[in-house]
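[1] Just to be clear, the model below is a prediction. Sequence and coordinates:
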Amino acid sequence: MNREPVLKHLREIKAQIGQLMAGTEKPLDLGEGAAYLHITKSHLYQLTSKGLIAHYKPAGKKIYFLRKDLDAYLLRNRRAPKQETSRGPR
């Protein structure tokens, strides 16, 4: 049995836990951001060029993202369930 994939996964989990404990967030590059959103890199690049998603270009070329900005993009345009809309104003 090849244990290397399991060990690699455990190292990644350990690194993520370390980031959470430290309270710091490593910016994601274009590929990591696309994987996080489950979209292609091309689609993510289009979103940045249209100004639809927050991003950083520290050297003017490579694009980086913060998870909180990607989460904000995912959670845009919320649709309230019928139960909320049928109650009327409070």
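    Perfect, I can see it now. Residues are numbered from 1 along each chain as shown.

[2] residue ranges of the helices in this protein, please?
    Along the chain, the stretches classed as helices by DSSP state H are 4-22, 30-37, 41-49, 67-74, 82-86.

[3] Highest mean neighbour count across the ones you listed, which stretch is it?
    Per residue and on average, the most neighbours among those fall to helix 30-37, with a mean of 17 (mean count of other C-beta atoms under 10 Å). (Glycine included, C-beta is placed from N, CA and C.)

[4] What is it packed up against?
    The helices and strands touching helix 30-37, judged by 3 or more C-beta pairs under 8 Å, 6 or more residues apart in numbering; DSSP states H and E, are helix 41-49, strand 64-65, helix 67-74.

[5] So for N2, which of the ones you listed sits nearest?
    Comparing the helices and strands packed on helix 30-37 against N2 with C-beta to C-beta, the closest turns out to be helix 41-49 (29.3 Å).

[6] rewinding a little: output the helices and strands packed on helix 30-37 as a markdown table; include the columns mean pLDDT and distance to K57.
    As requested, those are arranged in a markdown table below (pLDDT from 0 to 100; distance: least, C-beta to C-beta, whole Å):
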| stretch | mean pLDDT | distance to K57 |
| --- | --- | --- |
| helix 41-49 | 96 | 9 |
| strand 64-65 | 96 | 8 |
| helix 67-74 | 94 | 13 |
